[in-house]
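**Q** Sequence first, predicted model second:
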Amino acid sequence: MNSTHALADRLTKVDWDPAETDPRLRISLMKEFLRRSALWAHQLGSDRWPFFDVAVLIDPSVRADPDLVEQVSESCALQSTAVQQSCVGALHFAALQESGHVTLQLPDPFEPIVSLFENGGGFTLDGTGMIDIDPAVSMSRGKLADWLKLDAPTF
């Protein structure tokens, strides 16, 4: 099974109902996603941070199989737009990695958010710059420049 199919399998198996996962883990995963997304946005000169299609900025001709995109889109259809964009963006990035067209030596931008989904479902954006990780826990999205200053966490 190639990595795009494996990722589609992971995403379609996500239980989108909030889990009893320690919210500190989910916050850590979101922070790492924001940091990685900032690195990619900065290197690609994109202002579409943090929830954006990295692959289309590198090579718009390389896309994930439409059937896989449809399967994953259906599985997360009731989630926020940012969650849906992240799932589809992750698939396209996996297809780009398989094609060998990723030339930047940066960490996978989507792995932390996929892990976040696997550890308790999605999230929502509240319109004020806050990311609601679960009904009782929120965190600030912050600014791209702030996330560029951070080192990779040690999990």
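**A** Happy to help now that I have it.
**Q** what residue ranges in this structure score low on pLDDT?
**A** Where the chain drops to pLDDT under 70, the residues are 1, 153-155.
**Q** where exactly do the strands run in it?
**A** Using DSSP state E, the strands of the chain run over 124-125, 130-134, 137-140.
**Q** biggest helix in this structure by residues?
**A** Identified as the longest helix of the chain according to DSSP state H is helix 23-44.
**Q** picking that back up, quick one, which of the strands of the chain gets closest to Leu150.
**A** Among the strands of the chain, strand 137-140 comes nearest to Leu150, with 13.6 Å by CB to CB. All C-beta spots, glycine's among them, are computed from the backbone N, C-alpha and C.
**Q** helices or strands up against the closest one?
**A** Contacts defined by 3 or more CB pairs under 8 Å, 6 or more residues apart in numbering; DSSP states H and E place strand 137-140 against helix 23-44, strand 130-134.
**Q** Pull the number of nearby residues for Thr128.
**A** Neighbour count for Thr128, taken as other CB atoms under 10 Å: 8.
**Q** distance of it from Ser140?
**A** 9 Å (CB to CB, to the nearest Å).
**Q** do Leu104 as well
**A** Applying CB to CB to Leu104 and Ser140 gives a distance of 27 Å.
**Q** check contacts around Leu39.
**A** 106-107, 109, 147-148 (CB atoms under 8 Å, 6 or more residues apart in numbering).
**Q** give me that answer again for 7 Å
**A** 106, 148 (CB atoms under 7 Å, 6 or more residues apart in numbering).
**Q** Surely Asp17 touches Gly121?
**A** Yes: at 6.0 Å, Asp17 counts as touching Gly121 under the criterion of CB atoms under 7 Å.
**Q** quick one: contacts for Ile133?
**A** Ile133 neighbours (CB under 7 Å, 6+ apart): 23, 26-27, 30, 123, 139.
**Q** please redo it, this time with the cut-off set to 10 Å
**A** 18, 21, 23-27, 29-30, 116, 120-124, 139 (CB atoms under 10 Å, 6 or more residues apart in numbering).
**Q** so Leu44 touches Val102, yeah?
**A** No: taking CB atoms under 10 Å as the definition, Leu44 is not a contact partner of Val102, at 11.3 Å.
**Q** what do those two both touch?
**A** In contact with both Leu44 and Val102: 54, 58, using CB under 10 Å, 6+ apart.
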